[in-house]
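Asks: can't give you the sequence, but here's the structure:
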């Protein structure tokens, strides 16, 4: 594609295996986060692999990239080398107009050899109509992680394309777990939408619905309808919490329509809709029943209450 052809001329990192993500709206980038990796389910049980959980928490002192003196940073994480598996590269969301972005987004990598693996963290400035602008790179080492240990927290230094160290850093959490542990955890997410009304102020969006599943793009009036209820064989690990933003402690972002491609951190003259992202983690308690019905089914989950007052999801 033209994007990759042009990018290879301007970004020397692509020769080392780091690939920019295709141009997309910054909010859609979130679909690559939150503990989803197709290799988790496709790799064979007999393969000797481990799984690295990477939490991209926040950044500090990102390089200025815009005429306004700020940037719209996002991060591409890539496992190097691929170690005989399909390439594993994931993109965070882009954070508009900030040099100190808050992400709290989580990724997983399947790693056959932890002694030689590293994760390249490439920082880019998101451009709406142009190729993303590379800002710098950092290296996350995997060799020192141990199975069974709690998450560790590290500050990753960022270097520019010329190799010089910048003031920029990324704060990450790291944990090494088994393949079985990785398969037993999921993250459920649902956007909540409200519309501004002339009489009642902000109220639940009536059409197409109050909630939307960002992974399936299903709308509905409850998070169960959009596919975020508890299935048989799963239990809640953390309660529903709102992913807050630096601009709004309750997590709201604003736009003129519910299907807008760009959402802003504060209200404007044309604002008529707002949304916020709810999420929780769930754990498997029993194997899912097979299609043939030979296994005993787990009891159906009890009815759940709708998300309550905002709370930040704990690490």
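Replies: Structure received. Every value quoted in this text rests on a predicted model; they were computed, and no experiment measured them.

Asks: from now on I want contacts and neighbour counts done on CA atoms only, so please keep to that.
Replies: Noted.

Asks: name the element residue 279 belongs to?
Replies: Assigned by DSSP states H and E, residue 279 falls within strand 273-284.

Asks: show me where the stretch 51-200 of the chain has its helices.
Replies: 179-183 (DSSP state H, counting those that start in this stretch).

Asks: picking up where we left off before, sheet partners, orientation included, of the strand holding residue 279?
Replies: strand 185-197 (antiparallel), strand 234-236 (antiparallel), strand 241-242 (antiparallel), strand 253-255 (antiparallel) (DSSP bridges).

Asks: now the first one: mean pLDDT?
Replies: Strand 185-197 comes out with an average pLDDT of 90.

Asks: for the chain, which spans come out with low pLDDT?
Replies: Low-confidence segments of the chain (pLDDT under 70): 1-36, 44-47, 244-247, 286-315.

Asks: let's see it at 50
Replies: In the predicted model of the chain, residues 1-31, 287-306, 308-315 satisfy pLDDT under 50.

Asks: so which bits of stretch 241-259 are buried?
Replies: By neighbour count with 16 or more other CA atoms under 10 Å, stretch 241-259 contains the buried residues 241-245, 250-256, 258.

Asks: what's the answer for stretch 78-86, then?
Replies: Buried residues in stretch 78-86, counted by 16+ other CA under 10 Å: 78-82.

Asks: and of those, the nearest to residue 202?
Replies: residue 78 (40.9 Å; CA to CA).

Asks: now that closest one: closest residue in space that isn't a chain neighbour?
Replies: Excluding the flanking residues, the one nearest residue 78 by CA to CA, 6 or more residues apart in numbering is residue 89, at 4.3 Å.

Asks: check contacts around the one you found.
Replies: Listed by CA atoms under 8 Å, 6 or more residues apart in numbering, the contact partners of residue 89 are 19, 76-79.

Asks: between these, which is closest to residue 270?
Replies: Scanning the contacts of residue 89 for proximity to residue 270, where the rule is CA to CA, the winner is residue 76, at 32.4 Å.

Asks: tell me the bridge partners for the closest one.
Replies: Using DSSP bridges, the bridge partners assigned to residue 76 are residue 91, residue 122.

Asks: now for the spatially closest residue to residue 183 that is not a sequence neighbour, which secondary structure element holds it?
Replies: Take residue 183 and drop its neighbours on the chain: the residue closest to it by CA to CA, 6+ apart is residue 40, 6.5 Å away. Element membership for residue 40 (DSSP H and E) is helix 38-42.

Asks: residues contacting that helix, please?
Replies: Outside helix 38-42, the residues that touch it by CA under 8 Å, 6+ apart are 110, 179, 182-183.

Asks: out of the residues you listed, which are buried?
Replies: By 16+ other CA under 10 Å, the contacts of helix 38-42 give 110, 179, 182-183 as buried.

Asks: ok so, going back, for the strands paired with strand 273-284, which one sits closest to residue 50?
Replies: Comparing the strands paired with strand 273-284 by CA to CA, strand 185-197 comes nearest, at 14.7 Å.

Asks: pull out the buried residues from the closest one.
Replies: Buried residues in strand 185-197, counted by 16+ other CA under 10 Å: 185-195.

Asks: now stretch 263-275
Replies: For stretch 263-275, by 16+ other CA under 10 Å, it's 263-265, 267, 271-275.

Asks: any chance of those in a markdown table, plus distance to residue 63?
Replies: Output for these, formatted as a markdown table (distance: CA to CA, whole Å):
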| residue | distance to residue 63 |
| --- | --- |
| 263 | 23 |
| 264 | 21 |
| 265 | 21 |
| 267 | 26 |
| 271 | 30 |
| 272 | 33 |
| 273 | 32 |
| 274 | 30 |
| 275 | 29 |
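
Asks: and those residues, which is closest to residue 129?
Replies: Using CA to CA, residue 263 comes nearest to residue 129 of the buried residues of stretch 263-275, at 16.3 Å.

Asks: can you list the buried residues of stretch 78-86 in a markdown table and add distance to residue 230?
Replies: Output for the buried residues of stretch 78-86, formatted as a markdown table (distance: CA to CA, whole Å):
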| residue | distance to residue 230 |
| --- | --- |
| 78 | 32 |
| 79 | 32 |
| 80 | 36 |
| 81 | 37 |
| 82 | 34 |
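
Asks: of all these, which comes closest to residue 65?
Replies: Comparing the buried residues of stretch 78-86 against residue 65 with CA to CA picks out residue 78 as the nearest, at 22.7 Å.

Asks: one step back: can you put the contacts of residue 89 in CSV and add distance to residue 139?
Replies: As requested, these are exported to CSV (distance: CA to CA, whole Å):
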residue, distance to residue 139
19, 15
76, 12
77, 10
78, 10
79, 10
